[in-house]
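In: Sequence first, then the predicted structure:
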Amino acid sequence: MDRKISLNSTKRSETRASLQTESFDLLVIGGGITGAGIALDAAHRGLKVLLLEMQDFGAGTSSRSTKLIHGGLRYLKQFEFRLVREVGRERAILFANAPHIVVPERMLLPVTKGGTFGRLGVALGLWVYDLLARVDRDERRRMLGKGETQKKEPLLRAKGLRGA
């Protein structure tokens, strides 16, 4: 039986009563990002899932998150190639499941004189990351020169800046 329950608080006692007569394959307690993700995954696998939340869905810690999806770039620096691939796969799942919510955001990773990696090292690292994470061609990273970087982010310190 595929039944959807209204999230209307005026029907809460009626909803509770109806749930007492049903059985579920999985009970997930907590309707934040983790609980909702587990419930979604289980439902996609054909399980009958009940997701319970004390307050409103996503109202706790999830409501105060940065709303950024971790890309796993730091794993590349540690040579954790398997994790880079896994994070890329999970990122693709989020894009597929919630294209109305998940929006790619461009960011700058400034490269400076005396930094850990030079422009070539950063470019190579991002290229390897894109391949391992299976990033779509139109979303792949590209390097900017100093001038273009300053145009995009004029408040960056110019001294020692090599690009981004």
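Out: Now that the structure is in, tell me what you want to look at. Numbers count the residues shown, from 1 in each chain.
In: which ones are touching Gly145?
Out: By Cβ atoms under 8 Å, 6 or more residues apart in numbering, the contact list for Gly145 reads Gly163. The C-beta positions use only the backbone N, C-alpha and C, and glycine is treated the same way.
In: Pull up the gap between it and Leu27, please.
Out: 55 Å (Cβ to Cβ, to the nearest Å).
In: now Gly46
Out: From Gly46 over to Leu27 (counting by Cβ to Cβ), the distance is 16 Å.
In: What's the per-residue pLDDT of the most centrally placed residue in the chain here?
Out: Centroid-nearest residue in the chain: Ile69, 2.6 Å away (criterion: Cα atoms, centre = their mean). With respect to pLDDT, Ile69 has a value of 76.
In: Checking it next. Helix, strand or coil?
Out: Following DSSP: H, G, I helix; E, B strand; the rest coil, the label given to Ile69 is coil.
In: where does His143 fall, helix, sheet strand or coil?
Out: Just to correct that, residue 143 is Met rather than His. Assignment for Met143 (three-state DSSP): coil.
In: what about the nearest residue to it once chain neighbours are set aside, which helix or strand?
Out: Nearest in space to Met143, with sequence neighbours left out and distances taken as Cβ to Cβ, 6 or more residues apart in numbering, is Ala123 at 4.8 Å. Under the criterion DSSP states H and E, the helix or strand holding Ala123 is helix 119-132.
In: Would you mind measuring from Leu132 to Leu68?
Out: As it turns out, when the distance is counted by Cβ to Cβ, Leu132 lies 20 Å from Leu68.
In: and these two? which has more neighbours close in?
Out: Each of Leu132 and Leu68 had its neighbours counted (other Cβ atoms under 10 Å), and the higher figure belongs to Leu132 (20 against 8).
In: give the contact list for that one.
Out: Under the criterion of Cβ under 8 Å, 6+ apart, the neighbours of Leu132 are 76, 81, 84-85, 88.
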